[in-house]
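Asks: What follows is a predicted protein model with its sequence.
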Amino acid sequence: MTGLVRSELIKLLGLPSAWAAIGVGLLVAPVIAFITASSSSSAGADAGFQELAFGVVGAIILGVVAVSSEYLAEGDSSTGSRQITTSLTVLPSRTKFLVVKAAALVLVVGALALAAAAATVVITQSVLGAAAPETGTGTVLRVTGVVLYWVLTALLAAGITLMTRSGILPLTILVLNTSVVSVTYLLSRVVPAANYLPDLAGARMFVHEVESSAEIAPVTGGLVMTAWVAVVLVAAVAVFRRRDA
């Protein structure tokens with residue numbers, strides 16, 4: 001199994017789009033945090049963490065390309081074989097194939113999230129100085145929440161992509177909702193139950209100052225998001241196992 005995961009890691013990191021996603025994930029949150037901290041003499045308790053909700057775009061792209069790359073035709077013509085054909089020839093068990101791919105994705109996104117979170121917190125602390133929020137056990141727990149949020153978001157993106165066999169829909173919906181206008185947040189202002197959608201609930205693991213009609217504890221938010229992702233992944237696996245590659 002270790003060798004299979006290593007092979008998937010090599011495959012994923014061999015994609016130029018994956019490295020572009022890693023670059024986005026590493027830069028977006030720290031840059032926004034630097035700009036925000038530089039323009040403010042004081043900071044709230046979420047300084048350095050709110051920005052990490054935007055940096056998750058990198059994780060979304062990784063989740064999408066990890067799956068969508070399997071369905072791209074290889075070669076110079078559209079009639080070339082797709083990577084998925086080769087992948088299932090090497091590893092015929094579809095369930096095992098997905099487990100291995102998910103493991104590789106989790107490792108890459110987990111490392112990316114940890115690096116981005118550490119950089120963002122350090123930059124925020126350095127720029128704000130004495131005005132920065134105190135660090136301690138709470139900071140470690142929130143960074144852990146960031147890592148879980150990014151990993152779960154990547155898996156959600158991968159699951160949606162697996163069902164659609166295309167990266168266009170998940171990229172459009174998830175990236176726009178995260179970086180341009182949060183439809184789920186706007187919906188939550190009208191429908192309180194929308195606070196329990198995966199992105200909003202999951203963000204409570206590390207963003208604590210939220211204007212919301214629903215009080216959601218960090219652990220509860222994590223469990224809610226995990227449940228959403230589990231449902232999507234189970235559905236994606238069922239679809240993948242029953243249809244032609």
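Replies: Thanks, I have the structure now.
Asks: I figured Arg142 hits Met205, correct?
Replies: Yes: between Arg142 and Met205 a contact is recorded at 7.4 Å, counting by Cβ atoms under 8 Å. For glycine as for every other residue, the C-beta is placed from the backbone atoms N, C-alpha and C.
Asks: Show the average pLDDT along stretch 168-180.
Replies: Mean per-residue pLDDT for stretch 168-180: 85.
Asks: what's the answer for stretch 216-230, then?
Replies: The model assigns stretch 216-230 a mean pLDDT of 95.
Asks: And that stretch, what's buried?
Replies: 216, 218, 221-222, 224-226, 228-229 (16 or more other Cβ atoms under 10 Å).
Asks: And stretch 122-132, by the same measure?
Replies: Buried residues in stretch 122-132 (16+ other Cβ under 10 Å): 123-125, 127-128, 132.
Asks: Same question for stretch 168-182.
Replies: Buried-residue list, stretch 168-182, by 16+ other Cβ under 10 Å: 170-171, 174-175, 177-179, 182.
Asks: Considering the buried residues of stretch 216-230, which is situated nearest to Ile60?
Replies: Closest approach to Ile60 among the buried residues of stretch 216-230 (Cβ to Cβ): Val229, at 12.8 Å.
Asks: re earlier: could you take the buried residues of stretch 168-182 and lay them out as TSV, with extra columns for secondary structure and distance to Val108?
Replies: Output for the buried residues of stretch 168-182, formatted as TSV (DSSP: H, G, I helix; E, B strand; the rest coil; distance: Cβ to Cβ, whole Å):
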residue	secondary structure	distance to Val108
Pro170	helix	17
Leu171	helix	18
Leu174	helix	17
Val175	helix	18
Asn177	helix	22
Thr178	helix	19
Ser179	helix	20
Ser182	coil	25
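Asks: Between those residues, which sits nearest Val99?
Replies: Using Cβ to Cβ, Pro170 is the member of the buried residues of stretch 168-182 that lies nearest Val99, at 20.2 Å.
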